[in-house]
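fold the stuff below for me.
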Amino acid sequence: MIDIKFLRENPDAVKENIKKKFQDAKLPLVDEVIELDAKYRKELQRKESLQAEKNKVSKEIGGFMAKGMKDEAEAAKAKVKEYSEELAQLDKTVPEMAERIKTIMMTIPNIIDPTVPIGKDDSENVEIQRYGEPVVPDFEVPYHSDIMEKLNGIDLDSARKVAGNGFYYLMGDIARLHSAVISYARDFMIDRGFTYCIPPFMIRSNVVTGVMSFAEMDAMMYKIEGEDLYLIGTSEHSMIGKFIDTIIDEETLPHTLTSYSPCFRKEKGAHGIEERGVYRIHQFEKQEMIVVCKPEESPEWFTKLWQNTVDLFRSMDIPVRTIECCSGDLADLKVKSFDVEAWSPRQKKYFEVGSCSNLGDAQARRLGIRVKCADGRKYFAHTLNNTVVAPPRMLIAFLENNLNEDGSINIPEVLRPYMGGKAKIEVK
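Next comes the predicted model:
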């Protein structure tokens, strides 16, 4: 959510930003919110002056009565009644206007970074750099669920009976490999100075609307029936929510946290749920990283965050590349975003395994996360997030890039301590 003062003073810049995101239907919202905001401030000022006048006249009534000035006292009482009726109306309309302004402001997209490429959708995202040499073996690489099934590592049929499409049972060495990757990612981030955290897996609606747009919320979140609670789609939600309505001492910044959680997503929309595999599913686990920092430090932290993911994958000899999301592919709260994509020998192309985002002060403004300087001045923090690793999707890249012709899987050295020393998963 952008600063309404900025919108008042720079309506053309806000409109141009909306155009760059190809959301022209939102252009009228800028003029609407400016007009509504002017009316709101006028009505608020009227309310405050009325209240002051009512208090003044109320005090005069006792003086009139003491002096026997009954007519003047009755006139004052009538005036107080008149003020009270108008104030009652304003007590209703002013909050309604404030809520409408807030709703509009939460719909208008954040101002994107000047370096973001302009494009309509993900087809116009820009490759930044590749890391590692993509390899296609001289034997056919099976579909990832077929690799897992050959290793007795997945049971999709039973999962469909129990929960429907979009769920899975991971078994044996594949389940162990899944946990090994999560544990390795946790320790990898701790070694880089991040504080490990296990957050709540459910959050209230005010946190949901603080960390994401209404469109994202509708497409992703599962609501707990009868309660003001939602299952998290990523631990970023509850991790950023940890700082809601707080004032952080500037000298304690940055806050760098890495968190583990299960994640739950509707996956509502064009992509749908994958029936055969584990690429797009309702439930998965993830290691995440978030940063709360000073505004001037967020570009540097953005680079550090996506580089962490690249380094993690390269430590397991998985080729990756970074992709910059174009303007039309950015969620409304994001200032800038990179995707990290891993190489798929089977598909002979890269696919997304993580996403790094700088959200500027948008989440902090929505959630009331402020920073206090030594001189007492306050400002909104910047927040960033990035995927460390998200198995089982990451397992697809891992299995394909470590597959042998006989169906066995090589275990990189960095994962062996988490796999009981195993160097290979054998076909039984």
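
you'd agree residue 371 is in a helix?
No - assigned with DSSP: H, G, I helix; E, B strand; the rest coil, residue 371 falls outside any helix and is strand.

the bottom helix or strand of the chain by mean pLDDT?
Scoring the helices and strands of the chain by mean pLDDT, DSSP states H and E places helix 214-220 at the bottom, with a mean of 79.

for the next helix-or-strand element following that one, which strands pair with it and how are they oriented?
Moving toward the C-terminus from helix 214-220, the next helix or strand (DSSP states H and E) is strand 222-223. Applying DSSP bridges, strand 222-223 is found paired with strand 230-231 (antiparallel).

contacts made by the partner strand with the rest, please.
With contacts defined as CB atoms under 8 Å, 6 or more residues apart in numbering, strand 230-231 is touched by 201, 202, 203, 204, 205, 208, 221, 222, 223, 224, 264. Backbone N, C-alpha and C define where each C-beta goes, glycine included.

go on, stretch 199-219?
106-107, 220-221, 224, 228-232, 235-242, 244, 259, 261-262, 266-269, 331-333, 363, 366-367.

show the buried residues in the residues you listed.
106-107, 220-221, 229-232, 235-242, 244, 259, 261, 331-333, 363, 366-367 (16 or more other CB atoms under 10 Å).

which of the residues you listed fall within strands?
230, 231, 259, 261 (DSSP state E).

so where's this protein uncertain?
Within the chain, the segments meeting pLDDT under 70 span 268-275.

sorry, back to before: keeping just the C-alphas, turn the least confident helix or strand of the chain into PDB.
Provided in PDB are the C-alpha atoms of helix 214-220 (Å, rounded to 0.1, in the frame of the first residue of the first chain):
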ATOM      1  CA  PHE A 214      -7.100  -9.400  -2.100                       C
ATOM      2  CA  ALA A 215      -6.700 -11.300  -5.400                       C
ATOM      3  CA  GLU A 216      -3.800 -13.400  -4.000                       C
ATOM      4  CA  MET A 217      -5.800 -14.100  -0.800                       C
ATOM      5  CA  ASP A 218      -8.800 -15.400  -2.800                       C
ATOM      6  CA  ALA A 219      -6.600 -17.600  -5.000                       C
ATOM      7  CA  MET A 220      -4.500 -19.000  -2.300                       C
END
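
have a look at the chain and report its longest helix.
Longest helix of the chain, by residue count under DSSP state H: helix 27-66.

and the closest residue to residue 11 other than its chain neighbours, what does it touch?
The shortest distance from residue 11 to any non-neighbouring residue, by CB to CB, 6 or more residues apart in numbering, is to residue 30 (5.3 Å). If a contact means CB under 8 Å, 6+ apart, then residue 30 has 7, 11, 14, 15, 18, 108 as its contacts.

thinking again about what came up before, how about the least confident helix or strand of the chain: buried residues?
Buried, per 16+ other CB under 10 Å, within helix 214-220: 217, 219, 220.

same question, stretch 158-173
For stretch 158-173, by 16+ other CB under 10 Å, it's 159, 166, 167, 168, 170, 171, 173.

alright, calling it a day.
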